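A.B. asks: Here you go, sequence then predicted model.
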Amino acid sequence: MSQAWIQHTFSRKRFRTRNQATALAILGVAILLILGSLYLSQVASFAITNRQIEDLIRQRDELKRQNEALIGEIAGFRTVPRLFARAEAIGFRPATNADIDYVLIDGYNPNRDRISVAANEVAAAEARAPVYDETFGSWLEQQLVLLRDQFRSFGA
Amino acid sequence: MQRMSSQQATIQARLPFVALFLILMAAYLIVNLANFQFFPRSVRQELEKIGASITNTTLRIPAERGRIYDRDGEPLAYNLVQYRLGVSPALVSDSETLMKELAAILNIDEFELYRKITSDRVWEFVAGPISAEQGQAIAKLDSISLGLEEIPKRFYPQGELAAHVVGIVVDDGLRGALGVEGAYNDTLSGRVLDLSVSNVPFDLPQDRPAEQRGQDIVLTLDRDVQFWVESELKAAVEAYSAFRGTIIVMDPRNGDVLALANHPSIDPNSFLDIADPNLRVNPAINETYEPGSLMQVLTVAGALDKGIVSLFWTYNDRGFLEVGGRDIWNPHFQSHGTTDISSILVNSLDIGAATIALEMGTENFYSAMRAFGLGQATGVGLFAEERGELRIPGDTDWNESFLGLNSHGQSVEVTPMQMITAFSAIANDGIMRQPRIVRRVINEEGAEDARPTTIRRVISAETAEIVKDMLVHVVEDGAPEARLPGYTIAGKPGTARISTAVAFEEGSNAKILSFIGFLPADDPQAVVMIKLDRPDGDFGYEIAAPVFRRVAERLVILLEIPDDIVRSRLAAAEAEISASEG
């Protein structure tokens, strides 16, 4: 059996050997091209997506910065000396004890706790936070859509 | 055929060697692969580091410092972004255009700019700190030769308001000093991260970790109360030509510091411009003084609580007393004859306080003073709080005269925060609450409230009630300048001469005048301490008591404290509601 195999391997059938080699080479190149194009398209997809994510991060940071600046501006407008001066300018004056009347309301207990604005902000932020609900199916679907879009863009 | 069989024989003879060689090579590779997987951790990390150094860039990301709010959520400290601009001259393609564009944005000299842009150096600093708007305008130029580096900047929108409480940051905004910024630096500062960022375009960009950010802090301060207190303090310091002044407002029921003001104050936004080192400390907690006759209240309360004296106790005041070789005199050098315990406080009689201290003895007296927190930091939550100094028997520099002197606030060092905390304990039925400046800490997981903490019961509720009544009499008969129509006020003025290392300082204004009072006396909701250093005036009831009244006038409006008549009607209505619900 082994002798037949060695004989077959070293038999001088040049024409057939070249045919096979060429076919194999073409097949190899074709497979490499397919794999390469798949790889490149995937890499391009990653690079584009990452660029988009980087842009979004940059945008978010810029929005955060603008938000901080706005908070500062609002805080500046709401400083007590400024409010005081503004109120005086439009004719108000600080209340004295004589200006205040306490009215007792039947069944109402005025000894309540104050609600902090800061705590409300945190609660609101928690409520706004998105929930992660991606499944493997939806991810696969998303990848297929991306791949299809890329092929379309190559064609265009 | 013969030749073929000989070739086959040769191949057959060599084949095992080739196969063996290939097997050995494969085994070698497999062993090496396996070995690579089981490298020691340090070697693996080193290899990973080498790999990362080729593909990654390390960015130092400063943590965003937590914000500070007042009790109603008004920001007292938050962050702005500024930039530092640098240029790589070798990468500049059109120096003249870049110079003109930058000069227009930065408003700086074109010649200087051109010199930097065309420098021979690899990297040249151009300008900084520059504003966020300028930074964004430069970023839009999209020049590869320019580098913008973020610099965090702490901003205090309220300016001087509560500056000593909020504090400041130093070291490029990385380290807090003074106030809450200093005391809660670890909470506020977050973590500075060295983030390794991949340069490979298809590696996922890394976002800043959320847990890196510092935690936000909500203070117990009420911004409106703080503003009015600061206004009144400034007016008082100027009116009485005082060297400086301090006012603290505390809620005795939970220890919340509602306001803490010093004048002169600082603007934390331009802290580095302040040349006077005296302004860089908070006198309310960082400096001590001799409290003077305010201490008489603590002496009387301690003696009553320990049963050494009773309400019916009297002594013969001859206007002079010698204790341990030191002479003690009353104000105005008067003698009062047979005097009861209440009159000691009303007339601020140093001899009466010293007589009580002598009757208490050193053990009872000093244990009472320690119970009131003298010689111990209050733990209010501000940077570098002083403990004060209460020398006790056994200390090398204590002698018998100290018992008489300490009883009326001489030769003892306290901080204003310690004194108001001690008086708050009396106001709060004898229970001392831990004074606190931080009300809540907010992090990514939510808000965490700082619960009011009880330090100890200092005196019994009965004793506290008796002392409160005495302090009402003090205001009615001894310091009418502190009275507020419609409200029952309890309080005590204090007058302390400033002493040097060897004797009392000479001079008409070498004294510290103070007043501590609380209102309403039957249900105290606010304790106020006024302290004026070196004012033009002789006694606390003349100078500090009127300031207390003006502050109290505002407090009852801002804290919504109804007058005595309304409160009694309210109490009756509440009792009715409770009865109907119960």
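C.D. replies: It's in.
A.B. asks: Which single residue of chain B ends up nearest chain A?
C.D. replies: residue B:73 (2.7 Å; CB to the nearest CB). Backbone N, C-alpha and C define where each C-beta goes, glycine included.
A.B. asks: In three-state terms, how would that residue be classified?
C.D. replies: coil (DSSP: H, G, I helix; E, B strand; the rest coil).
A.B. asks: And it, its phi and psi?
C.D. replies: When read as degrees, to the nearest 10, the backbone of residue B:73 gives phi 90, psi 10.
A.B. asks: can you tell me which residue is nearest the centre of chain A?
C.D. replies: The centre of chain A sits closest to residue A:53, judged by CA atoms, centre = their mean, with a distance of 5.8 Å.
A.B. asks: my guess is it is in a helix, correct?
C.D. replies: Yes. Counting by three-state DSSP, residue A:53 is part of a helix.
A.B. asks: is it true that it touches residue B:205?
C.D. replies: Yes. The criterion here is CB atoms under 8 Å, and residue A:53 meets it with residue B:205 at 5.2 Å.
A.B. asks: Just give me how far stretch B:31-49 sits from the chain centre.
C.D. replies: Offset of stretch B:31-49 from its chain centre (CA atoms, centre = their mean, to the nearest Å): 50 Å.
A.B. asks: what's the first-to-last distance across it?
C.D. replies: 24 Å (CA to CA, to the nearest Å).
A.B. asks: The stretch 51-200 of chain B against chain A: which residues are in contact?
C.D. replies: B:69, B:71-75, B:78-81, B:132, B:136, B:155, B:157-159, B:161 (CB under 8 Å from any CB of the partner chain).
A.B. asks: before we move on, back to that, need the residues touching each of residue A:53 and residue B:205.
C.D. replies: Overlap of the contact sets of residue A:53 and residue B:205 (by CB atoms under 8 Å, 6 or more residues apart in numbering or on different chains) is empty.
A.B. asks: Who are the contact partners of the residue nearest to residue B:220 when sequence neighbours are not counted?
C.D. replies: Leaving aside its chain neighbours, residue B:220 sits nearest to residue B:256 (3.9 Å; criterion: CB to CB, 6 or more residues apart in numbering or on different chains). Contact analysis of residue B:256 by CB under 8 Å, 6+ apart lists B:71, B:220, B:250, B:436, B:439, B:452.
A.B. asks: hmm, back to that, my guess is the residue of chain B closest to chain A contacts residue B:219, does it?
C.D. replies: No. Using CB under 8 Å, residue B:73 is not in contact with residue B:219; the gap is 10.5 Å.
A.B. asks: the more surrounded of the two?
C.D. replies: Neighbours were counted for residue B:73 and for residue B:219 using other CB atoms under 10 Å in any protein chain shown; residue B:219 has more, 29 against 15.
A.B. asks: and the residue nearest to the centre of chain A, how far is that from chain B?
C.D. replies: Residue A:53 sits 5 Å away from chain B, going by CB to the nearest CB, to the nearest Å.
A.B. asks: Show me where chain A has its helices.
C.D. replies: Remark: helices assigned in chain A by DSSP state H are A:2-10, A:14-77, A:80-89, A:117-128, A:136-155.
A.B. asks: Compare those and say which comes out lowest on pLDDT.
C.D. replies: Per-stretch mean pLDDT for the helices of chain A is lowest at helix A:117-128 (a mean of 52).
A.B. asks: which residues in the stretch 301-450 of chain B form strands?
C.D. replies: Ranges of strands in the stretch 301-450 of chain B, per DSSP state E, counting those that start in this stretch, are B:314-317, B:320-323, B:326-329, B:337-340, B:431-433, B:438-443, B:446-449.
A.B. asks: Which SSE is immediately downstream of the top helix by length along chain B?
C.D. replies: When chain B is parsed with DSSP H, its longest helix is helix B:2-37. Note on helix B:2-37: by DSSP states H and E, the next helix or strand toward the C-terminus is helix B:41-55.
A.B. asks: for the next helix or strand after that following helix, what is the average pLDDT?
C.D. replies: Note on helix B:41-55: by DSSP H and E, the next helix or strand toward the C-terminus is strand B:56-61. The average of the pLDDT scores along strand B:56-61 is 73.
A.B. asks: Excluding its own residues, what touches strand B:56-61? List them.
C.D. replies: Contacts of strand B:56-61 (CB under 8 Å, 6+ apart): B:192, B:193, B:194, B:195, B:196, B:197, B:198, B:199, B:208, B:212.
A.B. asks: Let me see the domain layout of chain B.
C.D. replies: With domains defined by automatic domain parsing, chain B comprises B:2-55, B:79-157, B:223-270+B:280-569.
A.B. asks: and the last one, how far apart are its ends?
C.D. replies: When you say that, I think you mean domain B:223-270+B:280-569. Terminal residues of domain B:223-270+B:280-569 lie 30 Å apart, using CA to CA.
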